[in-house]
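K.L.:
got a sequence here, can you model it:
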Amino acid sequence: MADTSDVDRVFDFVDEIGVCMLTTKTGRSLRARPMHAKVDRDLGTISFLTDARHHKDDEIARDPDVCLAFAKPSSQDYVSISGQAEVSNDRAAIEARFSEMAKVWFPDGPQDPNVRLLSVRPETAEFWDGKSNPIAVAFEVLKGRWSKERPDMGENRKVDLASR
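P.N.:
Numbers count the residues shown, from 1 in each chain. Below you'll find the predicted structure:
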């Protein structure tokens, strides 16, 4: 069973950072693109609105394994999530997920026939909760160089999300 506090930290990072690089497989290659994430803690999913005219839907249909990479360099916070993706044309779910920001991409609103809901069911995550104070970071780097010991740059944990 996953540690609830670590699961909450993963979802807190996703909520706070918001935008990630969604990586899919295209044949033998990997392809990443920025996407705006929304967490549904009750369902344990991370969802995105996507355009049916783009290739992610086809790539996910062929291989649903995806990676979501979130980064907030200013505070040295990073999260990588691996999971299974699914694309849906559930109009009620699309309507529920639609936001003002989505209107930039879909000016016709949630009734745009090209809007799809991409949902990721996370299986594993790894996070790096860094030191956000630049002086503390510099101190740890200098201390590490002087002592030949690895600097304390914050916490790093692997989290099993599939068993939650």
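
K.L.:
for the rest of this, base every contact and every neighbour count on C-alpha atoms.
P.N.:
Will do.

K.L.:
mind checking pLDDT for the residue nearest the centre of the chain?
P.N.:
Nearest to the centroid of the C-alpha atoms of the chain, with distances taken as Cα atoms, centre = their mean, sits L68, at 3.9 Å. Predicted confidence (pLDDT) for L68: 98.

K.L.:
and it, what element?
P.N.:
Counting by DSSP states H and E, the element that carries L68 is strand 65-72.

K.L.:
can you name every helix or strand that that strand contacts?
P.N.:
In this structure, strand 65-72 packs against helix 4-17, strand 19-26, strand 77-88, with contacts taken as 3 or more Cα pairs under 8 Å, 6 or more residues apart in numbering; DSSP states H and E.

K.L.:
which is the succeeding secondary structure element to the second one?
P.N.:
Pointing back at strand 19-26 there. Defined by DSSP H and E, the subsequent element after strand 19-26 is strand 29-36.

K.L.:
pretty sure V120 contacts L49?
P.N.:
No - the criterion here is Cα atoms under 8 Å, and V120 misses it with L49 at 11.6 Å.

K.L.:
show me the contacts for the residue nearest to R121 when sequence neighbours are not counted.
P.N.:
Leaving out its chain neighbours, the residue that sits closest to R121 by Cα to Cα, 6 or more residues apart in numbering is T45, at 4.9 Å. Counting by Cα atoms under 8 Å, 6 or more residues apart in numbering, T45 touches V39, S119, V120, R121, P122.

K.L.:
same question for V79.
P.N.:
V10, F13, V14, L68, A69, F70, A71, A125, E126, F127, W128.

K.L.:
just read off the phi/psi values of the residue nearest to it when sequence neighbours are not counted.
P.N.:
Nearest residue to V79 in three dimensions, chain neighbours excluded: F127, at 4.3 Å (Cα to Cα, 6+ apart). Dihedral angles of F127 (phi, psi; degrees, to the nearest 10) stand at phi -130, psi 150.

K.L.:
distance of F127 relative to Y78?
P.N.:
Counting by Cα to Cα, to the nearest Å, the separation of F127 from Y78 is 6 Å.

K.L.:
what do you get for F11?
P.N.:
In terms of Cα to Cα, F11 sits 12 Å off from Y78.

K.L.:
what's the answer for E126, then?
P.N.:
The value you get for E126 to Y78, if Cα to Cα is used, is 8 Å.

K.L.:
same question, E95
P.N.:
30 Å.

K.L.:
neighbour-wise, which of those two wins?
P.N.:
Ranked by neighbour count (other Cα atoms under 10 Å), E95 and Y78 place Y78 first, with 20 against 14.

K.L.:
noted, bye for now.
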